[in-house]
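Engineer: Show me how the following folds:
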Amino acid sequence: MTTGMMGVAPRDLDDDDLLREMRHCHETRNDALLHGSDDALARHTSRTRELEEEYLKRYPERDIDPMRLRSGARQR
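Structural biologist: Here you go, the predicted structure:
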């Protein structure tokens with residue numbers, strides 16, 4: 001298991017932990033943006049990217065809401 005400055009490497013997380021870590025990053029994003037140092041914000045951004053990239057590797061065929069597509073937006 002590999003650990004870095006901000007936790008376990010995403011590839012070493014099981015699915016539940018990966019989702020939990022992603023939720024936490026999304027919940028804390030605004031605070032990092034508004035109140036974090038430049039280094040903290042940069043690390044938050046890179047950690048979020050790492051987690052999301054791992055999620056996309058595991059779930060390339062994820063469920064995509066058609067209303068989130070350009071064609072769906074035109075229907076609204």
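Engineer: Residue 50 contacts residue 10, correct?
Structural biologist: Yes: if you go by CB atoms under 8 Å, residue 50 and residue 10 touch, sitting 5.1 Å apart. Placement of C-beta: from N, CA and C, glycine included.
Engineer: neighbour count winner among these two?
Structural biologist: A count of neighbours by other CB atoms under 10 Å puts residue 10 above the other of residue 50 and residue 10, at 22 against 19.
Engineer: Show the pLDDT at the closest residue to the more buried one other than its chain neighbours.
Structural biologist: Sequence neighbours aside, residue 54 is the residue nearest to residue 10 in space, at 3.6 Å (criterion: CB to CB, 6 or more residues apart in numbering). With respect to pLDDT, residue 54 scores 98.
Engineer: Now do residue 54 against residue 26, distance only.
Structural biologist: Distance, residue 54 to residue 26, by CB to CB, to the nearest Å: 15 Å.
Engineer: Find me the pLDDT at the nearest residue to residue 25 once chain neighbours are set aside, would you?
Structural biologist: Distance criterion CB to CB, 6+ apart; nearest residue to residue 25, sequence neighbours excluded, is residue 48 at 4.3 Å. For residue 48, the model assigns a pLDDT of 97.
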